[in-house]
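Visitor: quick one: sequence plus predicted model below, questions after.
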2 protein chains.
Amino acid sequence: MTRSPETTRFILVAGTTETAQRDGLSAAGADPELLSTTPGADAELLTYGRPVRTDTVPVSPSGCPTPALVTRAVRELLGFDVAVVDGGLTEPTGAPTVSVGAGVGRDIGDQDPVPTAYGAFEAARQYGRKLPTDELWLAETIPGGTTTALGVLRALGEEAMVSSSLPENPVERKERVVSEGLAASSMQPGDAAGEPKRAVRRMGDPVLATLAGLTTGAVETDTAVTLAGGTQQLAVAALVRHGGYEGSLGLATTSYVADDGTADLRASAGELDLDLTVTDPGFDASDHVAMERFVAGEAKEGVGMGGALALADRAGLGMAEVRDRFAAVYDDLVDPEPTPGELA
Amino acid sequence: MTRSPETTRFILVAGTTETAQRDGLSAAGADPELLSTTPGADAELLTYGRPVRTDTVPVSPSGCPTPALVTRAVRELLGFDVAVVDGGLTEPTGAPTVSVGAGVGRDIGDQDPVPTAYGAFEAARQYGRKLPTDELWLAETIPGGTTTALGVLRALGEEAMVSSSLPENPVERKERVVSEGLAASSMQPGDAAGEPKRAVRRMGDPVLATLAGLTTGAVETDTAVTLAGGTQQLAVAALVRHGGYEGSLGLATTSYVADDGTADLRASAGELDLDLTVTDPGFDASDHVAMERFVAGEAKEGVGMGGALALADRAGLGMAEVRDRFAAVYDDLVDPEPTPGELA
């Protein structure tokens, strides 16, 4: 009877893990302040187009902005509906958030880093069951999240490797942190196979727990789910598969993650039977500083960037239009007086 | 540079006051369960078009639905952007909310019913200052809110009378509750003139504190504000005027409040120098049960209904279109198998 205008819903889960405070794991970690403020800032940028309670737009020392600006640019062009779920923020964000009881994630070297995992999973599952929408696109923002994603994959006994927001993926460092975490939890790789909530509580982060719950609830009520992101969403998919769901599940990511040789996303997505969509925003066609950093391998993905690009592509928007809007958003927020030529 | 698609923003402040638990003050009070669940349900209805964490659509025993369904109907037609601020909810809602630290409001017969008023006012003010928007439409949902609005008006020394969600406004009962409250706070009428935060802390509710803070912050940064609602918004306007703001301020309400003889809204709006917009949805042209209850004097206003109608009118939508959509929303949610003719 009632036609809902919101048949496509985009949900960002924003949270934290203290694992990010370890050296060399995250691009956001180059500035310790950014570790705790980035998820809230990303939520505000996606919701409002500018920071509200935070003061700064997250930009790496080399000038690579948060991929939130790409997702925001697409949202300005397409107008899709957004909700933010608090997946363990350190402080309240100015963006409206749904609470599922997720607390801040502790370091995975702790014995019980995500004590709120079970509760957040179940509350998110109920929320996902009840959300009136035809299709759900799920995104994440959590500095250090690829390391906890690796922790979850190993706890489940999955072989997949994760990507990185850094140009050089610190694979060995991540494996070492995960080994430490498994030892602290008295676990061997694969010990939590078939036990997704245990895996994410002992070796994951609150954002992964929330996303896995959301996905599980949504598919239980036949809502189509696309996990928008890179290898962190691969860990979410693994959690959902280990929970027993064998139906259809999408993964939409950027070409930067898909082409990352240190993590074979395509093969891993195949093993988890995911419908993979890879979108190339064509940033190499631009000499804008923000796009150059992505081409150089920074950031790669995040805040649902790959999903937003897929939505743009599906709607028939050209990537040139997405690039122009992204450049305009960046220049407006980060560099209010661009030098001539930067907008090209 | 960046064109924001959200130049008009609609914000709903949802909260509670235990004052509503007194007999005979609120239409929602006919069912004690509705007192605590109505604000969260309204937030979900406005955001998603249906209940998510709540189970029921608030409907009075006689069949009058929450005005949230009218505002939602207009939103489905116009697509304006909505955010919900937690103005003291008793339990988390499934709608995304911004936190300003507002706690549940206690009975105004208590000595200090809104201890969070100062903090919520200031946090809402900061939020209102930073919101990137050209115009802000502010709405409320709080059962029992007209009695606390009267409390604030008397504490400020304003003579205005408030309206009611009941067909028969229990004016004497409200005045008695307010007198009790003033006595409990050792105050005389007018004792808090020029002290809006004190007035709302001692005699108001957390929604009024939040709305007054939001308005104050927004006008400080030259954002145009329209208070969408009835005599509760009159109390918000009084708080803002007593805080020293003398500039332009809008009030958009329904004809049901404006025509309520027990509260002379037009005169009071004039005294507070408000730009008043009154919109008649023409529900008397329909024999739909939901509209008949409004025509009979129930509900009258709430959840920004008058503001939504004003936005519809400004956009050139006819009220017949609004009525049709409202009927469709109601029939879909409340009465899934309408009898023939009800949609007319």
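Guide: It's in.
Visitor: which stretches of chain A have low pLDDT?
Guide: A:1-6, A:27-30, A:337-344 (pLDDT under 70).
Visitor: spatially central residue in it, please.
Guide: The residue lying closest to the centre of chain A (Cα atoms, centre = their mean) is A:Glu140, at 2.8 Å.
Visitor: which SS state does that residue fall under?
Guide: In three-state terms, and counting by DSSP: H, G, I helix; E, B strand; the rest coil, A:Glu140 is strand.
Visitor: just list the residues touching it, thanks.
Guide: Going by Cβ atoms under 8 Å, 6 or more residues apart in numbering or on different chains, A:Glu140 touches A:12-14, A:87, A:207, A:211, A:229, A:232-233, A:302-304. (Each C-beta comes from the backbone N, C-alpha and C, glycine too.)
Visitor: which element is the residue in the stretch 151-300 of chain A positioned nearest to chain B on?
Guide: Residue of the stretch 151-300 of chain A nearest chain B, by Cβ to the nearest Cβ: A:Gly217 (11.2 Å). Taking DSSP states H and E as the criterion, A:Gly217 maps to helix A:206-220.
Visitor: give me the buried positions along that helix.
Guide: Within helix A:206-220, the residues that count as buried by 16 or more other Cβ atoms under 10 Å in any protein chain shown are A:206-219.
Visitor: in chain A, which residue sits closest to chain B?
Guide: A:Pro96 (3.5 Å).
Visitor: quick one: the helices in the stretch 201-344 of chain A, in order.
Guide: In the stretch 201-344 of chain A, the helices defined using DSSP state H, counting those that start in this stretch lie at A:206-220, A:231-242, A:255-258, A:265-271, A:289-295, A:305-314, A:319-333.
Visitor: and the fourth one, what does it pack onto?
Guide: Looking back up the chat, that one is helix A:265-271. helix A:231-242, helix A:255-258, strand A:275-279 (3 or more Cβ pairs under 8 Å, 6 or more residues apart in numbering or on different chains; DSSP states H and E).
Visitor: and among these, the most buried is which?
Guide: Sort those by mean neighbour count, taking mean count of other Cβ atoms under 10 Å in any protein chain shown, and helix A:231-242 sits at the top with a mean of 29.
Visitor: that one to helix A:206-220, inter-axis angle?
Guide: Calculated by axes from the mean of the first three to the mean of the last three Cα atoms, to 10 degrees, helix A:231-242 forms an angle of 50 degrees with helix A:206-220.
Visitor: I'd like to know which elements helix A:231-242 is packed against.
Guide: Going by 3+ Cβ pairs under 8 Å, 6+ apart, helix A:231-242 lies up against strand A:135-141, helix A:145-156, helix A:196-203, helix A:206-220, strand A:224-228, strand A:250-254, helix A:265-271.
Visitor: centre of the chain to it, how far?
Guide: 12 Å (Cα atoms, centre = their mean, to the nearest Å).
Visitor: likewise stretch A:267-274?
Guide: Chain-centre distance of stretch A:267-274: 18 Å, with Cα atoms, centre = their mean.
Visitor: then stretch A:277-295?
Guide: Relative to the chain's own centre, stretch A:277-295 is displaced by 18 Å; criterion: Cα atoms, centre = their mean.
Visitor: do that stretch and chain B come into contact?
Guide: No. For stretch A:277-295, no contact with chain B is found by Cβ under 8 Å from any Cβ of the partner chain; the gap never falls below 13.4 Å.
Visitor: which other residues reach that stretch?
Guide: The contact list for stretch A:277-295 (Cβ under 8 Å, 6+ apart) reads A:60, A:62-65, A:69-70, A:226, A:250-256, A:258, A:266, A:299-300, A:306, A:309-310, A:312-313, A:319-320, A:322-323, A:326-327, A:330, A:334-335, A:341-344.
Visitor: out of those residues, which are buried?
Guide: If you count burial by 16+ other Cβ under 10 Å, the buried members of the contacts of stretch A:277-295 come out as A:60, A:64-65, A:69-70, A:226, A:250-256, A:258, A:299-300, A:306, A:309-310, A:312-313, A:319, A:322-323, A:326-327, A:330, A:334-335, A:342.
Visitor: show me which residues of chain A sit near chain B.
Guide: So far as Cβ under 8 Å from any Cβ goes, chain A lies against chain B at A:1-6, A:47-53, A:76, A:79, A:83-85, A:92, A:94-99, A:126-127, A:130-132, A:325, A:328-329, A:331-333, A:336.
Visitor: try 6 Å
Guide: Proximity of chain A to chain B (Cβ under 6 Å from any Cβ of the partner chain) is limited to residues A:1-2, A:4-5, A:48-50, A:52, A:76, A:83-84, A:92, A:94, A:96-99, A:127, A:130, A:132, A:328-329, A:331-332.
Visitor: in strands, which of the residues you listed fall?
Guide: Residues of those located in strands (DSSP state E): A:83-84, A:97-99.
Visitor: how about A:Glu271, what does it touch?
Guide: By Cβ atoms under 6 Å, 6 or more residues apart in numbering or on different chains, the contact set of A:Glu271 is empty.
Visitor: which of the contacts of A:Glu140 sit farthest apart?
Guide: The most widely separated members of the contacts of A:Glu140 are A:Ala14 and A:Gln233, with 14.7 Å between them, by Cβ to Cβ.
Visitor: circling back: selecting buried members of the residues of chain A next to chain B in ChimeraX, what would you type?
Guide: Here is the ChimeraX command that selects the buried residues among the residues of chain A next to chain B (16+ other Cβ under 10 Å):
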select /A:2,4,48,49,50,52,76,83,84,92,94,96,97,98,99,127,130,132,328,329,331,332
